[in-house]
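Engineer: everything below, folded, please.
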Amino acid sequence: MALTKVYDAATVFKHLNGIINVYKPAGIKVKHVRNAILSNICKGLNELEQREPRRLPKSRLLLGTGTAADTVLHKIAKDTDLSDHILAAGPRYMPDDIRCAAVASLGRHTSGVLLLGLNNGLKQSSLIQRNRPVRVYHVTARMGTATENHLPDSHVTVRANNRHVTAERISGLASSMQASHQRKMYELCGVDLQTQAAYELACKGLLRPADNSQPVVYGIKLIHFERPHFTLELHTINESEQYMAALVHDMAIELRTVAHCSQLRCIRHAHFDVTDSLLRHGWHLPGIVRNMRQQRDVLEAHPQLLEQQRVDLHAAPQ
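Structural biologist: Residues are numbered from 1 along each chain as shown. Presented below is the predicted three-dimensional model:
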């Protein structure tokens, strides 16, 4: 199907409904990314062809004082409602005219995939959030120094030697922690991992928490090691920046050293990949419209993102 270039702002605004995948830089809050995108959308809409100002009814055109100023006014404006003119009312499109919400927020130090729903896309964003899809992170840690909040912008509190730490030790600890988290999922469901009930539960699909308060880690894997840095790949649900930073800190303690997170990057949110994320120089109206069309194709290829039978975790029996 051939695409047609549209120059009418009202037509473009009418079709601004869906999910967009933008790349959030580190050091910027989600609300600042949202404000920048909305401002750029409105700037692009206001540069397109605008509708004509409203016309005054004929009854109002007959009213006048008969003065020279009144005659000049009618000569200039004719039947145009000057109160609806751009020079009087201001730009046609403002950020408050566009509804926008994030599917899941990212911390200030975290970069990567950020999904935003625009206008009618807020319904899709709420469905994706309710299904709680897995997000994948690359978390880089720096060994040898610990900070107050386990993040790079805080004061250093402890220094320790890390020469004894090897890639094999980190990989072994990561495998052990992954098995522990997987065991905890079934314990929250009240079943033993070695039973038939656990097998039948696993066959139903991926176990998901019943609410947003329970972080769940599905996978931990070492993907890079170069002392004093190492990078982990985390597959999680309901995670937070502080939770992942604390996880790295606890791993370092088990390795008899200290560490803090130097970089956090979300590379995938469900089937939305970082390779399709809209970079900062592309946060303009044409780029956003193209990206929205790409994400629409992703949703059509994976309808389970919007309609999915979830397996919830319940509180473990007392």
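Engineer: helices along this structure, start to end?
Structural biologist: If you assign secondary structure with DSSP state H, the helices in the chain sit at 9-14, 30-46, 58-61, 68-77, 86-89, 121-131, 167-188, 196-203, 241-254, 285-301.
Engineer: can I get those in CSV with distance to His109, mean neighbour count and mean pLDDT?
Structural biologist: Every residue, glycine included, has its C-beta placed from N, CA and C. Putting these into CSV (distance: least, CB to CB, whole Å; neighbours: other CB atoms under 10 Å; pLDDT from 0 to 100) gives the following:
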stretch, distance to His109, mean neighbour count, mean pLDDT
helix 9-14, 34, 16, 89
helix 30-46, 12, 17, 95
helix 58-61, 59, 10, 53
helix 68-77, 55, 11, 51
helix 86-89, 41, 10, 74
helix 121-131, 22, 17, 92
helix 167-188, 22, 16, 89
helix 196-203, 34, 13, 80
helix 241-254, 6, 19, 95
helix 285-301, 24, 16, 94
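Engineer: and these: which comes nearest Asp211?
Structural biologist: Within the helices of the chain, the stretch nearest Asp211 is helix 121-131; the backing value is 10.8 Å (CB to CB).
Engineer: now do the closest one against helix 285-301, angle only.
Structural biologist: Interaxial angle, helix 121-131 versus helix 285-301 (axes from the mean of the first three to the mean of the last three CA atoms, to 10 degrees): 50 degrees.
Engineer: who touches helix 121-131?
Structural biologist: Applying CB atoms under 8 Å, 6 or more residues apart in numbering, the contact partners of helix 121-131 are 17-20, 99-104, 115-117, 208, 270, 292, 299, 304-308, 310.
Engineer: ok, now with 7 Å
Structural biologist: Contacts of helix 121-131 with the rest of the structure, by CB atoms under 7 Å, 6 or more residues apart in numbering, involve 17-19, 99, 101, 103-104, 115, 117, 270, 299, 305-306, 308, 310.
Engineer: read off the pLDDT value for Pro317.
Structural biologist: Pro317 is assigned a pLDDT of 43 by the prediction.
Engineer: distance of Gln182 relative to Asn238?
Structural biologist: 16 Å (CB to CB, to the nearest Å).
Engineer: what's the local residue count around Ser213?
Structural biologist: For Ser213, the count of nearby residues is 7 (other CB atoms under 10 Å).
Engineer: from Gln129, how far off is the spatially closest residue to it that is not a sequence neighbour?
Structural biologist: The shortest distance from Ser213 to any residue other than its chain neighbours is 7.2 Å, reached at Asn238 (CB to CB, 6 or more residues apart in numbering). Here Asn238 is placed at a distance of 11 Å from Gln129 (CB to CB).
Engineer: do Glu187 as well
Structural biologist: On the measure of CB to CB, Glu187 and Gln129 end up 26 Å apart.
Engineer: again, but for His224
Structural biologist: Applying CB to CB to His224 and Gln129 gives a distance of 31 Å.
Engineer: returning to what we had before: contact partners for the residue nearest to Ser213?
Structural biologist: So Asn238 contacts 132, 209, 212, 214-216 (CB under 7 Å, 6+ apart).
Engineer: can we see that at 8 Å?
Structural biologist: Listed by CB under 8 Å, 6+ apart, the contact partners of Asn238 are 132, 209, 212-216.
Engineer: report the residue ranges of every domain in this structure.
Structural biologist: Taking automatic domain parsing as the reference, the chain has its domains at 7-50+73-132+273-311, 134-269.
Engineer: so which of the ones you listed gets nearest Pro57?
Structural biologist: Comparing those against Pro57 with CB to CB, the closest turns out to be domain 7-50+73-132+273-311 (8.6 Å).
Engineer: Asn40 contacts Leu285, correct?
Structural biologist: Yes. The criterion here is CB atoms under 8 Å, and Asn40 meets it with Leu285 at 6.8 Å.
Engineer: so who does Leu118 touch?
Structural biologist: With contact set as CB under 8 Å, 6+ apart, Leu118 has these partners: 16-20, 98-100, 292.
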